[in-house]
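# with the sequence up front, the predicted model follows.
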Amino acid sequence: MNSLKLFRRRILKSAVALILYLGTNQQIHAQGGFYNTTPPPTTVRPSVDLLRATLLNGNKNPGYVFLALHRAAWIDGTPENSILAVSKAANNRNVDMIEIDLKTSKDGKVYLMHDDYLQRTTNFLDLYPNTYGTGKDNYGKASEYSWNELSRLRLKNEEKTYTNEKIPLLQEAITVALGAGVFLQLDINDDRTFQEAMKVVQAANAFSVVMFKGNKTPNQFTPFFNQLTEAQKKQIIFAPFVKIDSTPDGTTTADPMKFYEQWESWRRSNPAYTGVAGLYEMVFKTPADTGLFLVAEKIRAGGKRTGTFSAQPEYYRGRYIGNVNINQCCANNPENDRRGDFDFILAPNNNKNAGINGYIITDEVTTFLEYFPNRVIQ
């Protein structure tokens, strides 16, 4: 009987110790931060020139997949698209690219912001109290405020806690990228911001560290391209999006394959500009996106790279403030959205030839490094 009591006591003691260990471990993880727990790289980040050469040639360092950090390093208390987040990402040598979102103020300043409205990410409601907007008016709409008004705002972190971080200008992010030798990937949703961002990059002479991307056809891209000097034309990188609804020039009917073929025709006519459509961003989300997989196969067979956005899907649910629709990206049927599934994006429907071989935009740094533990670039 005494032996049985002793055995039970030891079992109980071990169980308590395990619970304490797990609790402490979770606390350390929470306090230490997501990026602090990322395994340190064994080498320094490759040079920008080497990264560029690899990015634009699928046959160079074919096993190297670029880590693009989504909205910079915004996990663990740092506001998304803040200059602190950009600096943290730039200082993480695992990171090859920093994906940021851009908007333009009413008076033409290009700044970092994902949402069309300011309520989710800033203390806008405190500084500019008013009747909640309808989602169709301009209350809180980012493009309707001057830089003087925007620069007064403080950014919130993922816990919706106010920080001392302010909205940064694109120029500030470029300065960090140039100093660290890391690519900035610009996510731009409107022509005005595309135009103004191009001017900022020109003024900073920063095409060496900036990558543009978007859902533009050759005819839509050409007016922006023609504003560049010949040297800038040879340096700019532009990755077209290939989506289910990609519509080629000269038609109103979506045709992703023809969209891609038009870009390849443009490239054959302009061989000096290797960065324009030098790679593509695939926007496939579900196993039913078979047309996009065929395009990805052709891109890869042609010796190019494909990138994708793989951050975990964001839903509309819980992303409203008042009646303001803050325009998050989401699928109509989020349960079918497979963007966050690395197995799927690397081999959709088990087809490795259609999988991503260029860059992955992600928040999941640890998961990324588990899939690519020994990335080597030469």
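Received the coordinates, thanks.
# tell me the mean pLDDT for the lengthiest strand in the chain?
Of all segments of type strand in the chain, defined using DSSP state E, the longest is strand 97-104. Along strand 97-104, the predicted confidence averages to a pLDDT of 97.
# direction included, what does it pair up with?
For strand 97-104, the pairing partners within the sheet under DSSP bridges are strand 66-70 (parallel), strand 110-112 (antiparallel), strand 183-187 (parallel).
# now distance to K166, mean pLDDT and mean neighbour count too, for the ones you listed, in CSV please.
(Each C-beta comes from the backbone N, C-alpha and C, glycine too.) Formatted as CSV, the entries for the strands paired with strand 97-104 read as follows, by distance: least, C-beta to C-beta, whole Å; pLDDT from 0 to 100; neighbours: other C-beta atoms under 10 Å:
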stretch, distance to K166, mean pLDDT, mean neighbour count
strand 66-70, 20, 96, 25
strand 110-112, 10, 98, 25
strand 183-187, 19, 97, 24
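# among the ones you listed, which comes closest to A142?
Closest to A142 of the strands paired with strand 97-104 is strand 110-112 (C-beta to C-beta; 8.4 Å).
# which residues does that closest one contact?
Applying C-beta atoms under 8 Å, 6 or more residues apart in numbering, the external contacts of strand 110-112 come out as 81-83, 86, 100-105, 147, 150, 167-171, 173, 193, 196-197, 200.
# show only the entries of those found in strands.
Within the contacts of strand 110-112, membership in strands is found for I100, D101, L102, K103, T104, as judged by DSSP E.
# how much space between the last one and K156?
If I follow you right, that is T104. Between T104 and K156 the distance, using C-beta to C-beta, to the nearest Å, works out to 21 Å.
# have a look at these two and say which one is more surrounded.
Neighbours around T104 and K156, counted as other C-beta atoms under 10 Å, are more numerous at T104. The numbers are 22 against 19.
# related to what we said a few turns ago, extract the CA atoms of the longest strand of the chain and return them as CSV.
This file holds the C-alpha atoms of strand 97-104, laid out as CSV (Å, rounded to 0.1, in the frame of the first residue of the first chain):
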residue,chain,number,x,y,z
MET,A,97,11.8,40.5,-49.1
ILE,A,98,9.5,42.7,-47.1
GLU,A,99,6.0,43.0,-48.5
ILE,A,100,4.3,46.3,-47.7
ASP,A,101,1.0,47.9,-48.6
LEU,A,102,0.7,51.4,-49.9
LYS,A,103,-1.9,54.2,-50.0
THR,A,104,-1.7,57.8,-51.1
